[in-house]
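Build me a structure from this.
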Amino acid sequence: MPEFFKVAQDNVQVQANRALSFFDMAPSKLKRQRFQKRLDFYHGIQEQYLKEDITKNYKHPDRLNLQLEYDNITKFLTKELAAVYNEAPIRKVEEGTEQDQEIFDHIWDRSQIDLMMQEANRMTKLCKTVIIKVSWRDETIQYDIITPNLFEALPMVDDQTKADAFIYASIYDTENDSEYLNNDRTKTKEDKFDSQDAIFYYWTNENFIGFKRDVRGGKKARISFNDKNEDFVNPYGLKPFVVMRDEFPTTGFYIQGGDELINKNGIINQKLTEKNYLTKQQSFSNLVRKGAPSGAAGLISDPSMTLDVPADTEMSKGNDIKYITPDAKIEELTKDIEGKKRQVAIDAKLNPDIFTASAERSSAQSLQLQNAQQAQIVKADKPFYMEYEQNLFDITRIVWNTHNNKKISDKATLFVDYKDSEMIMTVKEEDEHMIILDTNNLISKVDWIMKINPDLNTREAAMQRLIEISEEKADLMKLMIPTMPEMELDNDADTEATKPTDSKVK
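Numbering: from 1, shown residues only. Predicted coordinates for the structure are as follows:
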């Protein structure tokens, strides 16, 4: 391990100082700035960034009196991509005891694990890398989602994708957290974690240290001593964190990417604001005066005024005053905004019509495509989240057993089953789809009837119902076939028809 990252096990102060020094490094600050901006966009705190963009692009933006407008594309697309927990999975304890299941039922209920994992899924799609800390708080297990604007991972020297230690921070104040703007200009923006009110937590497999900044300079740690843990020992013997990533790591701890969505969201916001301005200019005509003498006062007009223009003379020839309506390219700008939204969806591997889907039939096919693409995303994500849930299960057991006499057995394992995404179809389309599956022996009528009648929750019940349907159809056919009446034949015709020929008469 490089000298900078070495942990001096015999000196808690050295450990805390080195962790704080790593947290304060320029690359770490820049990373936190980027992710703070990403989270601000997700939570709808976009106005300040829009103002900065307008200031960069217009010399005198204050003269335009722009009406700001922004669209939270970031949150919309993030939720579309984070679909694994749209429906809660089935979780149960296997190979364990009834007590194991009871304990985990208690933990899962108290921690609202389905909602927590859904939010963790969204934050992972947004930030690409997050951690979940398993905490013992208020006499129960709780899960804390920590995003990269709050933590730093000190990587292992022989495997940069794994963390040798974690340091994360929190700060409690009454101000809006978005004041920590971090628009990649650390020299002009204050880092809230430079404050002496910031609280830091440092974890290795061996130690847990809480500290603040030293009041004399802030570059050194001021250790918070704990009577219950005087030796600053990690009671769990491992770092109580589950690392969640959007992809498999290959080059470092953090998965790169994601800024492109924020950048495009910012561009669209500016164009929406410009569209507002053009619409306003198109709605009101501008008074234009030609030939006014130098230094003449500006005219202020309203519909009740009459404006007199002097007759042409040698001195005033060509003078004119009139209203001009700007020819604003509103339609072109609207198409440009729609095109950029479609491109954002395509980049995210989603249906480009996702922003314009409606209840019309023309949109039904679009929704099917959208759902199919989302199903592919869920399919790709499942292996990752099965592993994350298992890691969470294992660390939860260790933390619980550390604080409780009633233990979870070591042999207990987790079974988790995610539901498959279903295609959105009309009744007619679904019937045609099922007929194709049945014709090609890809589904049986037992499967079919169980799908349309969920009350038939066993195959035996479904088969019995099919038999009943078959018998009912047979009985119905009997009722529908009329009894044929005996035909009355004409006697003469019958005589002629049945009269033997001469050659056969004896």
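
Send me stretch 384-391 as CSV with only the CA atoms.
Taking Å, rounded to 0.1, in the frame of the first residue of the first chain, the C-alpha atoms of stretch 384-391 are listed here in CSV:
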residue,chain,number,x,y,z
PHE,A,384,-26.0,-7.2,-9.6
TYR,A,385,-28.9,-6.6,-7.2
MET,A,386,-29.1,-10.2,-6.2
GLU,A,387,-25.5,-9.9,-5.1
TYR,A,388,-26.1,-6.6,-3.3
GLU,A,389,-29.1,-8.1,-1.4
GLN,A,390,-27.0,-11.1,-0.4
ASN,A,391,-24.1,-8.8,0.8
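
buried set for it?
384, 385, 386, 388, 389, 391 (16 or more other Cβ atoms under 10 Å). Glycine gets a C-beta too; all of them are placed from N, C-alpha and C.

Residue 244 is in contact with the fourth one, correct?
Yes. Using Cβ atoms under 8 Å as the test, residue 388 is close enough to residue 244 to be in contact (5.3 Å).

Common neighbours of those two, please.
Overlap between the contact sets of residue 388 and residue 244, as judged by Cβ atoms under 8 Å, 6 or more residues apart in numbering, is given by residue 132.

hang on, the earlier thing: can you put the buried residues of stretch 384-391 in CSV and add pLDDT?
Listed next are these as CSV, based on pLDDT from 0 to 100:
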residue, pLDDT
384, 95
385, 96
386, 95
388, 97
389, 97
391, 97
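
Pick the one among these closest to residue 83.
Distance to residue 83 across the buried residues of stretch 384-391 (Cβ to Cβ) is lowest for residue 385, with 11.0 Å.

Wait, a strand at the closest one?
No. Read with DSSP: H, G, I helix; E, B strand; the rest coil, residue 385 is helix and lies in no strand.

in stretch 115-128, what's buried?
Along stretch 115-128, these residues count as buried under the neighbour rule (16+ other Cβ under 10 Å): 116-128.

before we move on, what about stretch 197-210?
By 16+ other Cβ under 10 Å, the buried positions in stretch 197-210 come out as 198, 200, 201, 202, 203, 204, 207, 208, 209, 210.

show me the contacts for the fourth one.
When you say that, I think you mean residue 202. For residue 202, the contacting residues are 15, 16, 19, 165, 166, 167, 208, 209, 210, 211, taking Cβ under 8 Å, 6+ apart as the criterion.

Can you give me the neighbour number for the closest residue in space to the second one that isn't next to it in sequence?
The spatial neighbour of residue 16 that comes closest, neighbours along the chain excluded (Cβ to Cβ, 6 or more residues apart in numbering), is residue 221 at 3.5 Å. Counted with other Cβ atoms under 10 Å, residues neighbouring residue 221 total 24.

Look up the pLDDT of residue 221 for me, please.
Reading off the per-residue confidence, residue 221 sits at a pLDDT of 89.

before we move on, what about residue 129?
We have a pLDDT of 97 for residue 129.

Ok, residue 177 next?
On pLDDT, residue 177 comes in at 48.

ditto for residue 156
Predicted confidence (pLDDT) at residue 156: the value is 93.

With residue 395 instead?
98.

helix or strand for the residue lying closest to it once chain neighbours are set aside, which one?
The spatially closest residue to residue 395, leaving aside those adjacent along the chain, is residue 134, at 4.8 Å (Cβ to Cβ, 6+ apart). Secondary structure assigned from DSSP states H and E places residue 134 in strand 129-137.

Partner strands of that strand, with direction?
Paired with strand 129-137 in the same sheet, following DSSP bridges, are strand 140-146 (antiparallel), strand 241-245 (antiparallel).

Which positions within that strand qualify as buried?
By neighbour count, and taking 16+ other Cβ under 10 Å as the criterion, the buried residues in strand 129-137 are 129, 130, 131, 132, 133, 134, 136.

distance of the second one from residue 242?
For residue 130, the distance to residue 242 (Cβ to Cβ, to the nearest Å) stands at 9 Å.

Also the last one?
According to Cβ to Cβ, residue 136 stands 15 Å off from residue 242.

sorry, back to before: identify, out of the strands paired with strand 129-137, the most deeply packed stretch.
Among those, ranked by average contacts under mean count of other Cβ atoms under 10 Å, first place goes to strand 241-245 (a mean of 21).

Alpha carbons of that one, as PDB, please.
Extracted as PDB, the C-alpha positions of strand 241-245 are listed here (Å, rounded to 0.1, in the frame of the first residue of the first chain):
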ATOM      1  CA  PHE A 241     -20.900  -1.100   3.900                       C
ATOM      2  CA  VAL A 242     -22.500  -2.600   0.800                       C
ATOM      3  CA  VAL A 243     -21.000  -1.100  -2.400                       C
ATOM      4  CA  MET A 244     -23.600  -0.700  -5.200                       C
ATOM      5  CA  ARG A 245     -22.500   0.000  -8.800                       C
END
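
Please pull up the helix or strand immediately following that strand.
helix 259-283.

What residues sit buried inside that next one?
Taking 16+ other Cβ under 10 Å as the basis for neighbour counts, the residues of helix 259-283 that come out buried are 261-262, 264-266, 268-275, 278, 281.

Residue 236: what secondary structure?
When classified by three-state DSSP, residue 236 comes out as coil.

give me the element the residue nearest to it when sequence neighbours are not counted is part of.
Once flanking residues are discounted, residue 236 sits nearest to residue 398: 5.4 Å by Cβ to Cβ, 6+ apart. Secondary structure here is read from DSSP H and E; on that basis residue 398 sits in helix 361-403.

Could you tell me the angle between that helix and strand 241-245?
Here helix 361-403 runs at 160 degrees with respect to strand 241-245, directions being taken by axes from the mean of the first three to the mean of the last three Cα atoms, to 10 degrees.

switch to numbering from 50
All set: I'll call the first residue 50, so the last point we hit is now helix 410-452.

And this structure, split by domain according to the record?
Domains of the chain are assigned by automatic domain parsing as 52-308+422-466, 476-529.

Most tightly packed of the ones you listed?
For the domains of the chain, the largest average neighbour count (mean count of other Cβ under 10 Å) is found in domain 52-308+422-466, namely a mean of 16.

which residues does the spatially closest residue to residue 162 that is not a sequence neighbour contact?
Take residue 162 and drop its neighbours on the chain: the residue closest to it by Cβ to Cβ, 6+ apart is residue 192, 7.2 Å away. Taking Cβ under 8 Å, 6+ apart as the definition of contact, the neighbours of residue 192 are 160, 162, 165, 181, 182, 183, 184, 441.

My guess is the fourth one contacts residue 170. True?
No. In this structure residue 181 lies outside contact range of residue 170 using Cβ under 8 Å: 11.0 Å.
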